[in-house]
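> Structure for this input, please:
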Amino acid sequence: MKRRLLLSLPLLGFVVLSALLYRGLAMDPATRESAMLGEPFPDFELTTLADADRRVDASLLQGEVTLVNVWGEWCPTCKQEMPQLQALAERGIRLVGVDYKDSRAKGRAFLEEFGDPFAVNIFDPEGRLGFDLGVYGAPETFLVDADGIIRYHHTGYIAPHEVTDVILPEVTRWRD
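Below you'll find the model as predicted:
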């Protein structure tokens with residue numbers, strides 16, 4: 001009896017592990033909540049993409065509601081998302097970009113090709129700021145209120161309808 005029980009333990013372990021992995025694979029990452037909601041934007045001091053001598057920090061996000069978009073030249077979805085970000089900028093929404101795990105030359109070339117809707121682009125080649133934000137990929141977008149608090153998190157691509165249905169209402173909510 002003991003021998004039979006000992007032989008069935010690996011099978012039981014395999015079944016439990018398989019169920020957990022299946023559950024994890026079935027989850028939609030776009031629905032995950034950011035642990036940063038309601039928290040101050042992480043402290044950082046990095047250079048801008050445009051100027052290696054210009055340093056910026058979290059005070060950049062004080063005083064005005066801002067969308068912070070994490071992007072990279074290597075990210076095909078970021079290329080698809082640029083028209084939506086341009087539309088938001090044209091509507092007077094302040095956008096700050098975080099060029100994530102990229103090279104300065106490739107990031108600049110990306111913006112030349114696809115447009116630059118950002119007031120400032122923070123250059124994060126090692127991904128430290130992205131790590132502090134809990135980013136696991138790009139694109140990801142954070143709405144930061146005028147006090148520097150993260151109020152909304154959008155994982156993945158901002159689809160055209162989400163500009164008017166999701167993003168603009170969130171910006172309006174935190175501007176008022």
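
> Distance from the chain centre to stretch 159-175, please.
Computed by C-alpha atoms, centre = their mean, to the nearest Å, the chain-centroid distance of stretch 159-175 equals 16 Å.

> Show residues contacting it.
With C-beta atoms under 8 Å, 6 or more residues apart in numbering as the test, stretch 159-175 has contacts from 65, 67, 83-84, 87-88, 91, 93, 141, 143, 145-146, 151-152, 154, 158. Bear in mind the C-beta positions are built from the backbone N, C-alpha and C, glycine included.

> same thing but 10 Å
Residues outside stretch 159-175 that contact it (C-beta atoms under 10 Å, 6 or more residues apart in numbering): 64-67, 80-81, 83-85, 87-88, 91-94, 141, 143-147, 149, 151-154, 156, 158.

> Spatially, what comes nearest to the residue sitting nearest the centre point of the chain if we skip its sequence neighbours?
Centroid check for the chain by C-alpha atoms, centre = their mean gives residue 140 as the closest residue, at 2.3 Å. Nearest residue to residue 140, sequence neighbours excluded (C-beta to C-beta, 6 or more residues apart in numbering): residue 70, at 4.6 Å.

> any idea how far the one you found is from residue 137?
Noted for residue 70: a distance of 9 Å to residue 137, by C-beta to C-beta, to the nearest Å.

> Identify the contacts common to the two.
100, 101, 130.

> how many other residues sit next to the nearest residue to the second one once chain neighbours are set aside?
Spelled out, it's residue 101. Sequence neighbours aside, residue 127 is the residue nearest to residue 101 in space, at 4.6 Å (criterion: C-beta to C-beta, 6+ apart). Residues near residue 127, counting by other C-beta atoms under 10 Å, number 16.

> list the contacts for residue 127?
Neighbour list for residue 127: 70, 72, 98, 100, 101, 102, 133, 135 [criterion: C-beta under 10 Å, 6+ apart].

> which of the residues you listed sit farthest apart?
Farthest-apart pair in those is 102 and 133; separation 15.6 Å (C-beta to C-beta).

> Compare the two (neighbour count), which wins?
Higher neighbour count among residue 102 and residue 133: residue 133, with 25 against 22, using other C-beta under 10 Å.

> Do you know the pLDDT at the more buried one?
Per-residue pLDDT puts residue 133 at 96.

> Would you mind measuring from it to residue 86?
Noted for residue 133: a distance of 23 Å to residue 86, by C-beta to C-beta.

> and if you look at residue 151?
Residue 151 is 23 Å from residue 86, by C-beta to C-beta.

> Done for today, thanks.
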